[in-house]
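>>> Sequence below, structure please.
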Amino acid sequence: MSNTPTPHIEAKPGEIAKTVLMPGDPLRAKFIAETYLENPVCFNTVRNMLGFTGSYKGRSVSVMGGGMGMPSIGIYSYELYHFYDVDTIIRIGTAGGLGKNIKLRDVVIGMGACTNSNYAAQYQLPGTIAPIADFGLLRQAVEVAESKGIHPVVGNLLSSDNFYNADTKAAGQWRDMGVLAVEMESAALYLNAIQANKKALCICTISDHIFTGEALPSMDRQISFREMMEVALELA
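Predicted coordinates for the structure are as follows:
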């Protein structure tokens, strides 16, 4: 019995490219497909988690929403790696700034992803694993960004299970340990990639700052983070 289509992705084998760009918001996936890809074809509408495949500079590229939180991206990335033979997933998402020198619209590349999640417990490891990005992708992303005049900040992200956290001290404690920004997906993506012997990278744009209270409107988050999108497309 074939593993495809899956309960969450209705694509047939061969309809998804080897590299998938994965924003959290499916409408951002639609925006990227319509703005940057030639001849995009929609391969998924299940649960409105839109996915498209087209070409960018002659290369086949897919873009698909991944949802919010580690359970969501954990499902989609697992199925893409294991059932659709995807080699590389590049998360392009928003993050909340933690670091004192982090500003709105900064591009942050996640070298690693700290987490308060129990996601790695499934592997029954005899210790704590560090969810990290693929170094080749990371190095290439920095080089591409700098060639475009973008100065990315590279370091640790926090992948949190909590958007609204009752522990009011937690953000400051992570900041004091040098964590640059908080989001909700990268640790699960990195762990799925490591377990599957595949590649993953997270590129985030700072949409708000936890300590200054600054924030961008939702429409900006959906369509305006072009620097992050264009760097990711060059990696595909």
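>>> Please count neighbours and contacts with C-alpha atoms only from this point.
OK.
>>> Now do the contacts for residue 20.
61, 62, 63, 64, 86, 88, 89, 90, 236 (CA atoms under 8 Å, 6 or more residues apart in numbering).
>>> tell me the contacts of the first one?
Spelled out, it's residue 61. 16, 17, 18, 19, 20, 21, 37, 53, 54, 55, 236.
>>> Same question for residue 15.
Residue 15 touches 43, 53, counting by CA under 8 Å, 6+ apart.
>>> wait, is it part of a strand?
No: Residue 15 is assigned coil when assessed by DSSP: H, G, I helix; E, B strand; the rest coil, not a strand.
>>> circling back to that earlier point, take the contacts of residue 20 and keep only those in strands.
Of those, the ones assigned to strands by DSSP state E are 61, 62, 63, 64, 88, 89, 90.
>>> So which residues of the protein form strands?
So, for the chain - with DSSP E - the strands run 19-22, 38-44, 51-56, 59-64, 88-97, 107-115, 153-159, 181-183, 199-209.
>>> Any chance of these in a markdown table with distance to residue 175 as columns?
Conversion of the strands of the chain to a markdown table gives the following (distance: least, CA to CA, whole Å):
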| stretch | distance to residue 175 |
| --- | --- |
| strand 19-22 | 26 |
| strand 38-44 | 38 |
| strand 51-56 | 35 |
| strand 59-64 | 31 |
| strand 88-97 | 9 |
| strand 107-115 | 12 |
| strand 153-159 | 10 |
| strand 181-183 | 8 |
| strand 199-209 | 12 |
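>>> export the ones you listed to CSV and tack on distance to residue 32 and mean pLDDT?
Shown next, in CSV, are those (distance: least, CA to CA, whole Å; pLDDT from 0 to 100):
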stretch, distance to residue 32, mean pLDDT
strand 19-22, 9, 98
strand 38-44, 10, 98
strand 51-56, 9, 98
strand 59-64, 7, 98
strand 88-97, 11, 97
strand 107-115, 17, 98
strand 153-159, 23, 98
strand 181-183, 21, 98
strand 199-209, 15, 97
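>>> Out of these, the one nearest residue 190 is which?
strand 199-209 (5.9 Å; CA to CA).
>>> Point out where the protein drops to low pLDDT.
Low-confidence segments of the chain, defined by pLDDT under 70, span residues 1, 221-224.
>>> Tell me which residue lies nearest the centroid of it.
residue 91 (1.9 Å; CA atoms, centre = their mean).
>>> do you know which of the strands of the chain lies nearest residue 129?
Taking the strands of the chain one by one with CA to CA, strand 107-115 is closest: 9.9 Å.
>>> Check which helices and strands that closest one sits against.
helix 135-147, strand 153-159, helix 186-196, strand 199-209 (3 or more CA pairs under 8 Å, 6 or more residues apart in numbering; DSSP states H and E).
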